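1. pasted the sequence and its predicted model underneath.
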Amino acid sequence: MTDPAQDTVDVERVLAEWGAVTQDAVLSRIPDDRHSAFLYDVMRDYPSRPSKFLRPALCLAACECFGGQVAEALDAAVAIELMHNAFLIHDDIADGSVQRRGRPTLHEAHGIGTALNAGDGLAVLAQKTLRQAVRGLDVGLGARLLDEFDLMSARTIEGQAMELGWAANGLTDVRTEDYLDLVMHKSCWYTTIHPLRIGAIIGSRGAADVEPMIRFGFHLGAAFQIRDDVLNLVGDEGTYGKEIGGDLYEGKRTLMLIHLSEVATGSDRALLDDYLRADRSGRTDSLVAEVMAMMERHGSITFAQAYGDTIADEAHKAFEIAFASAPPSPARDFIEALIPYMLDRNR
């Protein structure tokens, strides 16, 4: 489906503009005192690296769509970005990742203990910043924003638990619907659904119906995650910013791996089951290369790309419903243009 906004909106430029505003605000919230060397400098590391700043951009754009100003939603957007970086630090430790945004992960550079502490610090700072965001708002509206943040945090942690549990138990029968449930919890809720809902609530002073944002945010976030999964296999490491093939070494049940498990038979299936039951140390270079070759042979990557196109088509339909009451604006065009961008991006 053709997106009328994609020909008129430079998504990368808009992301860069709102990203610069958000990054400056994020870094300004992190203290600089006698604890800096072992805490605040470490907390500042990930937020200082190049990033898409998709989550705060969605929050700020949704706020504008429903009548608000960027300044009104900036603290909330900063809180979202701070929590995002806290999740990334903990995620990288849990996954044993070695690269993030083109540089060594925080635990590789500073050790697990220091990295964990920095992640905790960012999470605490996110909550403090959110409390600042609700000051001056109607008490009921402020409580609603705090509840939304708590819900997003819980959904994300639930999703992480699902993914870790699948890997720890060596599950070999994960299906596409299970993958979508995981993506809804771990990726969509805090990447797209929550920023959209928070921005719309602030911009409309609570008047906007944000329930349709769940369906739109799910399809937008799923398109984002599917593309991320594909890039982890076939992307350019210099552009992508993480180690290519890292998901395979970690045994993540991506859409490609699930498709492969649904179509592989005979010796392919036996090898795949051995791979799925192994821990990271048991997933050797040769075993990972075999699984990758099977994906190519069985068309698993092509399947995931086609599935992403279907998800994007549904995102267009859901967008029209979620933003039916939002008048035409550059911010509305930007959010609509994100749908094809999710599937075309290279990082």
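-> Looks like it came in fine. Residues are numbered from 1 along each chain as shown.
2. with adjacent residues omitted, what lies nearest to Ile339?
-> Ala315 (4.8 Å; C-beta to C-beta, 6 or more residues apart in numbering). For the C-beta atoms, the positions are set from N, CA and C on the backbone; glycine is no exception.
3. which elements pack onto the helix or strand harbouring the one you found?
-> Here Ala315 sits within helix 300-322, counting by DSSP states H and E. Contact partners of helix 300-322 among helices and strands, from 3 or more C-beta pairs under 8 Å, 6 or more residues apart in numbering; DSSP states H and E: helix 212-234, helix 255-263, helix 330-344.
4. neighbours of the residue nearest to Ile339, how many?
-> 29 (other C-beta atoms under 10 Å).
5. can you check the one 5 residues further on too?
-> Glu320 has 11 neighbours, counted by other C-beta under 10 Å.
6. hmm, Thr105 is touching Ser97, no?
-> Yes - at 5.2 Å, Thr105 counts as touching Ser97 under the criterion of C-beta atoms under 8 Å.
7. quick one, which of these two is more surrounded?
-> More neighbours surround Thr105 than the other of Thr105 and Ser97, with 24 against 21 (other C-beta under 10 Å).
8. contacts only, for Tyr46.
-> 85, 88-89, 100-101, 106 (C-beta atoms under 8 Å, 6 or more residues apart in numbering).
9. mark which of the residues you listed are part of strands, please.
-> By the criterion of DSSP state E, membership of those in strands covers Arg100.
10. which one of the contacts of Tyr46 is nearest Asp45?
-> Leu106 (6.0 Å; C-beta to C-beta).
11. what about the residue lying closest to the closest one once chain neighbours are set aside, how many neighbours?
-> Of all residues not flanking Leu106 in the chain, Ala115 sits nearest, at 4.1 Å (C-beta to C-beta, 6+ apart). Residues near Ala115, counting by other C-beta under 10 Å, number 22.
12. now the one 5 residues further on
-> Neighbour count of Asp120, defined by other C-beta under 10 Å: 15.
13. that one against Ala86, yeah?
-> Yes - with contact defined as C-beta under 8 Å, Asp120 reaches Ala86; the gap is 7.4 Å.
14. residue contacts, the spatially closest residue to Gly238 that is not a sequence neighbour?
-> Nearest residue to Gly238, sequence neighbours excluded (C-beta to C-beta, 6+ apart): Gly102, at 7.2 Å. Contact partners of Gly102, counting by C-beta under 8 Å, 6+ apart, are 49-50, 238, 241.
15. cutoff 10 Å now
-> Neighbour list for Gly102: 49-50, 237-242, 347 [criterion: C-beta atoms under 10 Å, 6 or more residues apart in numbering].
16. buried only: go through those for me.
-> 240-242, 347 (16 or more other C-beta atoms under 10 Å).
17. so of these, which ones are in helices?
-> Tyr240 (DSSP state H).
18. re the thing from before, wait, the residue nearest to Ile339 sits on Ala222?
-> Yes - counting by C-beta atoms under 10 Å, Ala222 is a contact partner of Ala315 at 8.1 Å.
19. ok so, going back, out of the buried ones among the contacts of Gly102, who's nearest Arg253?
-> Closest to Arg253, out of all of those and judged by C-beta to C-beta, is Lys242, at 17.6 Å.
20. pull the contacting residues for that closest one.
-> Each residue near Lys242 by C-beta under 10 Å, 6+ apart is listed here: 92, 97-102, 105, 228, 231-232, 235, 347.
21. what do you get for Ala208?
-> By C-beta under 10 Å, 6+ apart, the neighbours of Ala208 are 62, 65-67, 197, 199-202, 322-323, 325-326.
22. again, 8 Å this time
-> Counted by C-beta under 8 Å, 6+ apart, Ala208 has contacts 66, 200-201, 325-326.
23. over to Gly142?
-> 134-135.
24. what does the helix holding Ala315 contact?
-> 1, 3, 196, 212-213, 215-216, 218-220, 222-223, 226-227, 229-230, 233-234, 254-257, 259-260, 263, 294-295, 335-336, 339-340, 342-343.
25. go with 7 Å
-> With C-beta atoms under 7 Å, 6 or more residues apart in numbering as the test, helix 300-322 has contacts from 1, 3, 212-213, 215-216, 219-220, 222-223, 226-227, 229-230, 233-234, 255-256, 259-260, 295, 336, 339-340, 342-343.
26. ok, now stretch 23-33?
-> Contacts for stretch 23-33 (C-beta under 7 Å, 6+ apart): 40, 43-44, 47-48, 53, 74, 78, 81-82, 125, 129.
27. mind checking which of those are buried?
-> Buried, going by 16+ other C-beta under 10 Å: 40, 43-44, 47, 53, 74, 78, 81-82, 125, 129, out of the contacts of stretch 23-33.
28. how about a markdown table for those residues, with pLDDT, distance to Val174 and secondary structure added?
-> As requested, these are exported to a markdown table (pLDDT from 0 to 100; distance: C-beta to C-beta, whole Å; DSSP: H, G, I helix; E, B strand; the rest coil):
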| residue | pLDDT | distance to Val174 | secondary structure |
| --- | --- | --- | --- |
| Tyr40 | 96 | 40 | helix |
| Met43 | 97 | 35 | helix |
| Arg44 | 97 | 37 | helix |
| Pro47 | 97 | 33 | helix |
| Phe53 | 96 | 31 | coil |
| Leu74 | 97 | 39 | helix |
| Val78 | 98 | 35 | helix |
| Glu81 | 98 | 31 | helix |
| Leu82 | 98 | 32 | helix |
| Leu125 | 98 | 35 | helix |
| Thr129 | 97 | 36 | helix |
